Each structure stands twice: as C-alpha cells, then as structure tokens.
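Colleague: this is a predicted model, with the sequence first.
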Amino acid sequence: RSAAPRPPARASRRLLRRMMRPDDANIAGNVHGGTVLKMIEEAGAIISTRHCNSQAGERCVAVLARVERTDFLSPMCIGEVANVSAEITYTSKHSVEVQVTVLSENILTGAKKVTNKATLWYVPLSLKNVNKVVEVPAMQYARKEQEDEGRKRYEEQKLDRLETKQRNGDVIVPMVGPAEPHTVGYSQSSLIHLVGPSDCTLLGFVHGGVTMKLMDEVAGIVAARHCKTNIVTASVDAINFHEKIKKGSVITISGRMTFTSNKSMEIEVFVDADPFVDEPQERYRAVSAFFTYVSLSKEGKPLPVPQLLVESEEEKRRFEEGKGRYLQTKAKRQAQLQQAAQP
Amino acid sequence: RSAAPRPPARASRRLLRRMMRPDDANIAGNVHGGTVLKMIEEAGAIISTRHCNSQAGERCVAVLARVERTDFLSPMCIGEVANVSAEITYTSKHSVEVQVTVLSENILTGAKKVTNKATLWYVPLSLKNVNKVVEVPAMQYARKEQEDEGRKRYEEQKLDRLETKQRNGDVIVPMVGPAEPHTVGYSQSSLIHLVGPSDCTLLGFVHGGVTMKLMDEVAGIVAARHCKTNIVTASVDAINFHEKIKKGSVITISGRMTFTSNKSMEIEVFVDADPFVDEPQERYRAVSAFFTYVSLSKEGKPLPVPQLLVESEEEKRRFEEGKGRYLQTKAKRQAQLQQAAQP
Amino acid sequence: RSAAPRPPARASRRLLRRMMRPDDANIAGNVHGGTVLKMIEEAGAIISTRHCNSQAGERCVAVLARVERTDFLSPMCIGEVANVSAEITYTSKHSVEVQVTVLSENILTGAKKVTNKATLWYVPLSLKNVNKVVEVPAMQYARKEQEDEGRKRYEEQKLDRLETKQRNGDVIVPMVGPAEPHTVGYSQSSLIHLVGPSDCTLLGFVHGGVTMKLMDEVAGIVAARHCKTNIVTASVDAINFHEKIKKGSVITISGRMTFTSNKSMEIEVFVDADPFVDEPQERYRAVSAFFTYVSLSKEGKPLPVPQLLVESEEEKRRFEEGKGRYLQTKAKRQAQLQQAAQP
C-alpha cells in the first residue's frame, strides 16, 4: 500500500471530469443545466467532506445547505469533457464555503470555455448520528482580508436562508380544466420521483445535486411549454436546502412561470417530500428556487419570449417580484461591468 | 416545516412525469415498451404504498403481484414527456388494485395522446418482516357498484394467478447447432442480469418494473431477429409475479416466439432467479408472460410478419394456444367496439 | 416453486446479453471499450460466484483479482446485441480462472463477430467477513493436461502480480502551465469519481468492471487529446487489482501517454482511492494498467498517429519500456500466426 501525500485544501483542485453523453443533453445536443448542477454539487461534496475529515475526530459527510446564485455562461455539448474544480474559500464553526468552476473542453479542437462558477455551503453531519453537526477544522487563510470577506458572505447567506424559509408555505395548485397559451396555468408542470439508493449519500439522504437536476428538468419543461422552442438554463437563484430528504421518499417537484422579460423567463420551483412509509407522514417543503431560462434559435441566438399572461392577483404580485429580481440582477451586472472597466 | 394536506386516494393523481431520453428508445427513436412498463409500475408502487401507510399501524411497502393485460395504444418518442397518473380502484383485505394511465405529450406542439391504460395489483409487505403481508386500509367507494365490480375483478385475477402457476415448470432449452430462419430456435434469446441496489425497493427486492423492462428487452430481441425490421410492443398479457427476487440474485430472462398472425408476433418470456449466494441455492421461476409485437415500416405503418415455422409437437401445441389467445383478444375487441357503437 | 437443475460449471454459458445504447458509445457510434470490459467482468463475477457457492459451506462473493491482456478484435455499434459467455477453466485453492467471450450480433442482418476473448481471475471473499478468502470447490477437468496448463497459467500470473505491485509508487504530477501539442503533459488527464451504491457488489466494494470502465474513459480522453480524431480501444494489458475500493470512496483515475508506434498509442492509467470518511485516511494505489488505442478515419480505417514528444529522462525511459512491450506483443502475434499456418 503506497501512500501518496494529501494536498492542502486551499489550492483549487480538479475534482471531476467526464465526457458528456447523449442522456446528459436535450434533443438539440445542449447539456442540461441540471447535469451541470449535479456535477458541481458532487465536486463540492467531495472537497468539503475531505476537509471535514482531515483531522482525527468524528467521521462525517458534508451535506449541501445552500448554493449561491449561479450563471450558465456558455452551453456545453455532447462529446465535450466537463472539468470541475473546487476550492475551499471559508470555514465557519459548522459550515464550509466551496467555490466550484466548470470548464468545458472540446478534446478535438482543444478549445476550453468557463461554463459556470458556483459557490456552495456545506454542513458536516456525523456518520454515526445524522442529526449531529460536527465541528469543521479551521482553514488557513493567505491574507487576513480573505477571512473577513468570507465571514461577511457567511453572515449574508445566513440571513437569506432565514428569509426564504418564510416563503415555503406556498403551494402550486393543480389546474382545473384547459388553460390559455402563455398563462401561468398553461405551462405549470410537476414531476414525481421515487428516491432510490443511487440518489443517496452514505448517510441515506438525497444528494443535493440530484434534487437540483430534477428541479432543472421541471423548469425546462415549463419553459419549453411556454415558448415551444429550444430552451436552455441561463441562471439559478440562490437555493437553500432546508430539510433533508430520506431514501424511499417520494418527491414532488413543481414549477410555474413567474415572470418574463423580452428574452428570458423566470420559473419558480418547489420540492416537496413525502416520507411515505415513515410516521409521522407529513409532507414537507424541502427546497425552493428560481430558474431563469432563455429561448434559442437553431443558430444558438436568443429569441424573443412570449409575454406571460398573468390573471389572478397572486400571479400579478409574483410577476412584479420577479421583475424586481430581474432589474436587481441587471443593475448588479452593470455595476460589475463598470467596475471591470475602471483601472 | 409546512405541512400540505394529503389528497384523498380515490382521485386520479399524476404520479410521474419525465422527458424521454435517448437511452429510453430504440434506434428508430421509439420509446421501448419496457420503459413505459417500468414507469407504470413505479407510479403504481407509489400510490399503493402511500395508501397502505395512510393509517397508523405497521409501516409497509407495496409490492407488485400482477399486471393485467395492457395494450400499447400509440408509440412515444424521444423528447416527449410521459405523464403517468394513477388511482386506486379497489382494495381487498391484503391487496390493492391500481389503474394507471400514461399520456405522451409533445411539449412543443402541445399534442397529447393516451399511450397506455394498465391495471396492477399490489400486496403490502411489512418493512420489519418482509414475509408478513399487512392489512390494507379499506377505501371509500362513490357507488356500491364500484365495490361489487372490483370484487369481481379481484376474484377473476385470483383464479388466473393460480392457473399460470401451473405453466411455470416449462424451460427454454438452449439451441444446439445453427437453426433455420423463422424457426422458434432461430430467434429464441436470453439475457442475464445481476441484480444491483438500484434495481431494488426499500425491502431489497427487485422492482416489478425493472423485471418487466428486461422482459420487454428480451421479447424485442426475439421479435427483431425474426423480422429484421423496426419492431414495437403492441401488448402484454397479464403478468403474475409469483416469487420475489432478492438483491444480489442473478436473473435469466428467456424468450421464444410462440405464434405469428399476419401482422403480429407473440413471444413467451420466462424469468428465472438464482439467489446464488444464498442457501438453499435452488433456481426458481419468478415470472412468465406473453408479449405481442408488431413490425413497422419507416413510415410507421404495420408490415406483414414472416410466419413462424413450427417443428416439434410442443411448438405446434404452443402455436395453437397462441392462436387461441389471439382470436379471443380479437373477439373481445370487436365486442367492445360494438358496445361502444351502441347508444 | 419449480426447481430447474443447475448446469455443470464447465460448459461455456451465455451469461449476459444486452443491446448497446447511445450512452454506451462515443459520438461516432462505436461502443466504448470500457462498456465491453464492464460486461466481461460482470459475466466473470457471476460464473465464479456461482461456482464458489456450489457446495454447502460459507457463502461468498467472487471478487476480481486480475484480467489478462485483452485484445479488442472488432468494434461494436449502437443497436447491436452483445452476447457474453463464460466458462471456468481452472481453480486453485483460493482462486478461479474464467474465460469470457464477447460476440456482437447485428440482429437485423444476423451477422455475428467475436469482439473479445478475456481471461479473468477471481478470489472468493466471505459474505460474513470480507477479509476472509474462502476455499474454492475443485473443478473436474476433462483431461489431465487441462489441469497442468491451468496450473502453469496460475503460477505465471501470480509472479506477474507481485512484479506490478512494485511499480505502484509512481504518481502522475499535474501539469503547471500550458504544454506543447504531442507532449506527455499536453494530453495527460484525470477523472474523479465518487463511488455510489450502484457501483458496488453485495460486499460494498466497487465492481472491478466499473473501475475498468472509468480507466478506459480516461485513456480515451488522453488518446483523443493527442490525435484529435475518432479513437478506439485496441487492447488492454494485464490489470491487477491489488486493493479493494470501498463504497463512499473518492477515486482518482489518471492517464498519461507512454509510447506511440506508427498506428497506435499506449496510455498508462492509475487508480488511486481515497476512503475519505474512514480512518486511517491514507490514499492508496488500487489498480494500474496499460491501454492501447488506435485512431480511425471516418471509413473506419487506421490512421497514422502523431509521434509522442518525450522530454524528461523519465518520459524517455517509459517510452523505451512501452516500445519493449509493443515489440514483444508484435513478436508474440507473429509466432501465433506462424503456428496457426502450420498443419
């Protein structure tokens, strides 16, 4: 048994690499955003679990608590190789922040493109007692500012997690009767999945990445029904994982369109879990998130999106909230561009 | 934790929805009948397990005991969304009858078609003791006739299950030497599968749907070898699941052609399980069924099927029995058409 | 329960048959060598586990210890049916030798081709105590020479296993900065995989076939990066499985090119396992092997391969060693051809 030395956690490490297969993509050959999210989460889980077990003490598995807003910068295709690398950027007493970068590589031309940059938060749970959060070994920072900035991000996400927990009472009511095209009811969709062993971590809970893949699948169906064109994931808002989902549960993933701009659609997705062979049998909201999709022409150019027809007061309110998120993101991006243009 | 109310079991509920992927289909783009059967069974297992755990008492998992004869009404294609809904239609003391409907939806055109209607019987087994059948909570019927008709169906299937158990001693003997085209020996095929964790339920037994998918795969190989064209599943006769199959078993799925009409082929499929690391090591017949296939032209029109050449007395007997089933089904369908034409 | 008699182990038995799917192949439609290796190993595991449990005694699972050098004689395509048969050819006190043959069958034309012949060695581990090797029931030989030749092969592979264990200290160092085309650094690649439940046997260790599939995937990426053409696996040198890999481990599969002839490339592949939630947390070398790839034109003809540019002393040494293996194999093949040409 020849031992190779374990590299320090701080360096960005390539943690996943695989070739994209037909089942990873849609008919147009574009890899599903959900496939990418699943790889990102797997890389994050590996590096953070490794870090949390780097010292003697209770053995644990790092479990996804939150993904920050993520943009899909460029599409990936069947036959390309995805390179997923990750580094740990902050540790609090009970959580780890990981930054993951996805590069797509055309192995024939050698061309490489950054397709995603994502920030994830993990919490280590004990292997012996899944309800116990173990302590995270403190990481070494190169500079004091890194720690301070990390602490700031930690506090911000903590606040945001509390807020989204409020929203979680909302439910997507199934449509009664036929709906007009471009209304919310026309495109709303849901998917039900029985959680099997290959969906789960060593602790017997669903991988966060598996959940995100299903969420993207529902959002994609909603978007395709609305536009009837080739649609791709443009971004995902921050996702908080409030509750674990156990093996053998049935999960219902529901999506409805909340907002359309000229060239994008926002879709709200809920994940409800039903641990149906366990007592108590209460169904509960496990995750919720907003996905943004764009519609592409055969040449890969963005197409105009039909406007969402909102009818009820609730739908109008959600549309305005979506518009708020859209304008906020737009303003942030312009601020970043201006900052980048300055010396 | 926000609890959503559990809907009553009686209403037909959408229980599965997913987009068809390249691996779900053959080279011509037609989704395998086995993929559809697997989804039907998963929906049935969810609704019946949920019903059987709807009251306080021993936790259980509903296990497939039987599928009634099922017709494939129209083919499904890659990129279409399968909508699988189910409702409980009858409960006896120890079994649940479920009706499952599959709708294919072209999300670009919005076109929807019913592709299957199936009836399945489930038996709830205790999570603590897999050899114990637990009691099924009685369902509420809207009308007295529903209960009476259900009881009639229950009695009929019970009788049929006993009968098929007889047939199970039969074995498909491997061919010695080359065989002439269109003989039984020429197209007979078998497949061996090692049962892995992702094939199994929470109880550690193979999902009925996984078994049916493999059965359809073998039947499809037999049919393709016989006609050398694009073939699709037209129907499946009632399938009885006599014996559970444990994780780690090796299953042999064998198929042979029994009968051909002008435009259809009947293929008999056996599933034999070998729990090979367990004592006693006896191999046993777990399931058997008849699949009917049709041959399609490139335009999707039914093609004539080469006649099966029967040689031995056994083959002739099976051909006649197949003809009997064929004529019986034909007569039933005509009776239904006449009934439907009456006011 | 109708018991069917268990056939004797000596006869070659068809042990696996399935249709090749889009996910099994590359973009050119050629089935990955790794898919074939995985099927070969599954067939070997079934027949040897069955043999080792054929007598009363401790229940066990046969675990892959070694695969002898294997040639890929002809490519397989999507839609073809793979027929995998196996027979036990030798048993020592604690190991089983299995010969596996893979036939590809075009079910429409009926054309059949042998694509692989492989020899594998298995060791039975107790189901109750995975660190205990149980005794193998002795097989019956038709002729005394069979036993003698088997013993000779057994002794040879034992020696080779010891030798390769030496080589295992070597590590592929990640590149720093960009590399020139056709250098070793330019094409070297790695892949990281989190071991899930569906990768594992009943004992909770990774199937040898799963590991080989990943090794072939990395070797294929290295070869494609070097030539930028459609590449296919031509052969795999003997692979020794020194250490088991546990569920929940993270495995790193790394590949680098070691040698090029006019029309072939040799790629060395290492598998390192990191049982990262277990103490002691040492990373260890689990497997290593040499894969040979060829480059194909669109018409399926072999193309010239760009010569590997070796720079360091280490790279030159490995190139010379690769050349040695290449010439040795060439000489062996010519000797076999001459032998075959004699009466």
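Modeller: Cool, got the structure.

Colleague: any weak-confidence spans in the stretch 1-150 of chain A?
Modeller: A:1-12 (pLDDT under 70).

Colleague: spell out which parts of it neighbour chain C.
Modeller: A:1-4, A:6, A:14-19, A:21-23, A:42-43, A:45-46, A:49-50, A:53-54, A:56, A:59-61, A:78-79, A:81, A:107-110, A:127 (CB under 8 Å from any CB of the partner chain). Glycine gets a C-beta too; all of them are placed from N, C-alpha and C.

Colleague: same thing but 7 Å
Modeller: A:1-4, A:6, A:14-19, A:21-23, A:42, A:46, A:49-50, A:53, A:59-61, A:78-79, A:81, A:107-108, A:127 (CB under 7 Å from any CB of the partner chain).

Colleague: where along chain A do the helices fall?
Modeller: A:33-52, A:144-167, A:184-187, A:208-227, A:313-341 (DSSP state H).

Colleague: ok, back up a step: and the residues of the stretch 1-150 of chain A next to chain C, which are buried?
Modeller: Neighbour-count burial within those applies to A:2, A:4, A:14-19, A:21-22, A:42, A:46, A:49-50, A:53, A:59-61, A:78-79, A:81, A:107, A:127; the criterion is 16 or more other CB atoms under 10 Å in any protein chain shown.

Colleague: for chain B, what's its nearest residue on the stretch 1-150 of chain A.
Modeller: residue A:22 (4.1 Å; CB to the nearest CB).

Colleague: which residues touch that residue?
Modeller: Going by CB atoms under 7 Å, 6 or more residues apart in numbering or on different chains, residue A:22 touches A:78, B:22, C:22, C:23.

Colleague: so it versus residue B:39, what's the distance?
Modeller: Per CB to CB, to the nearest Å, residue A:22 is found 20 Å from residue B:39.

Colleague: near chain B, which residues of chain A?
Modeller: A:22-23, A:27, A:168-169, A:171, A:189-192, A:194, A:196-198, A:217, A:221, A:224-225, A:228, A:243, A:248, A:250, A:272, A:276-279, A:281-285.

Colleague: hmm, 6 Å instead?
Modeller: A:22-23, A:27, A:168-169, A:171, A:191-192, A:194, A:196-198, A:224-225, A:228, A:248, A:250, A:276-277, A:282-285 (CB under 6 Å from any CB of the partner chain).

Colleague: now intersect those residues with the strands, please.
Modeller: A:191, A:192, A:194, A:250, A:284, A:285 (DSSP state E).

Colleague: so what's the fourth one bridging to?
Modeller: Listed by DSSP bridges, the beta-bridge partners for residue A:250 are residue A:194, residue A:274.

Colleague: tell me the contacts of it?
Modeller: Residues near residue A:250 by CB atoms under 6 Å, 6 or more residues apart in numbering or on different chains: A:194, A:274, A:276, B:46.

Colleague: let's see 10 Å
Modeller: A:192-195, A:272-277, A:283, B:15-16, B:42, B:45-47, B:49-50 (CB atoms under 10 Å, 6 or more residues apart in numbering or on different chains).

Colleague: rewinding a little: name the nearest of the ones in strands among the residues of chain A next to chain B relative to chain C.
Modeller: Checking these one by one against chain C (CB to the nearest CB), the nearest turns out to be residue A:194, at 15.1 Å.

Colleague: isn't the closest one right up against residue B:46?
Modeller: Yes. Using CB atoms under 10 Å, residue A:194 makes contact with residue B:46 at a distance of 5.8 Å.

Colleague: for the stretch 201-343 of chain A, which residues are neighbours of chain C?
Modeller: For the stretch 201-343 of chain A, the residues in contact with chain C (CB under 10 Å from any CB of the partner chain) are A:201, A:202, A:203, A:204, A:207, A:247.

Colleague: using TSV, lay out these together with pLDDT.
Modeller: Below are those laid out as TSV (pLDDT from 0 to 100):
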residue	pLDDT
A:201	85
A:202	83
A:203	86
A:204	87
A:207	92
A:247	88
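
Colleague: show me which of those residues are buried.
Modeller: A:201, A:202, A:203, A:207, A:247.

Colleague: hmm, the last one is touching residue A:207, no?
Modeller: Going back to what we said before, that points to residue A:247. No. Using CB under 10 Å, residue A:247 is not in contact with residue A:207, being 11.1 Å away.

Colleague: any residues in contact with both of these two?
Modeller: A:199, A:200, A:201.

Colleague: the closest residue to chain C within the stretch 201-343 of chain A and residue C:252: what is the separation?
Modeller: Residue nearest to chain C within the stretch 201-343 of chain A (CB to the nearest CB): residue A:202, separated by 4.5 Å. According to CB to CB, residue A:202 and residue C:252 sit 19 Å apart.
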